[in-house]
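> Here is the input, now give the coordinates:
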Amino acid sequence: MTALINVPSKAKRGDIIEIRALTSHIMETGFRHTMDGALAPRDIITSFTCRYNGTEIFRADLFPAIAANPYLSFFTIAKESGKLEFEWIGDNGYSSTASASITVE
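Residues are numbered from 1 along each chain as shown. From the prediction side, this is the model:
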């Protein structure tokens, strides 16, 4: 799994910051047919969570209509220096994580 995370490396306390996360995943809907006519099995990311120093700040439930390589953008307030942790959970036991650090002045 490949994830691209964009978090400012530095921010002033109280700044509103944008966080962007893109992950590589096929997001097979389960509605498409293969060349031989069989139904391709569903394989999607079902949830995304972001935690800032252990506190959940963003969560999204994803569904079959989401495109491959889902991209999410959201905002939070820079409160303290620390770590942002990203987690993707999906079908067939899929789980992936990434992290980024921020320094708050």
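
> Where do the helices of the chain begin and end?
In the chain, no helices are defined using DSSP state H.

> residue ranges of the strands in this structure, please?
Secondary structure of the chain (DSSP state E): strands located at 3-6, 10-11, 16-23, 45-52, 55-61, 71-77, 82-90, 95-104.

> Name the strands paired with the third one and say parallel or antiparallel.
Note on strand 16-23: by DSSP bridges, its sheet partners are strand 3-6 (antiparallel), strand 71-77 (antiparallel).

> Likewise for the last one?
When pairing is defined by DSSP bridges, strand 95-104 lines up against strand 10-11 (parallel), strand 82-90 (antiparallel).

> can I get the CA coordinates of that strand in PDB?
Extracted C-alpha coordinates of strand 95-104, given in PDB (Å, rounded to 0.1, in the frame of the first residue of the first chain):
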ATOM      1  CA  SER A  95      -5.600  -2.500   7.000                       C
ATOM      2  CA  SER A  96      -3.000   0.100   6.400                       C
ATOM      3  CA  THR A  97      -1.500   3.000   8.400                       C
ATOM      4  CA  ALA A  98       0.700   6.000   7.800                       C
ATOM      5  CA  SER A  99       1.800   9.000  10.000                       C
ATOM      6  CA  ALA A 100       3.200  12.500   9.800                       C
ATOM      7  CA  SER A 101       4.600  14.900  12.400                       C
ATOM      8  CA  ILE A 102       3.800  18.600  12.900                       C
ATOM      9  CA  THR A 103       5.600  21.200  15.000                       C
ATOM     10  CA  VAL A 104       3.400  23.900  16.500                       C
END
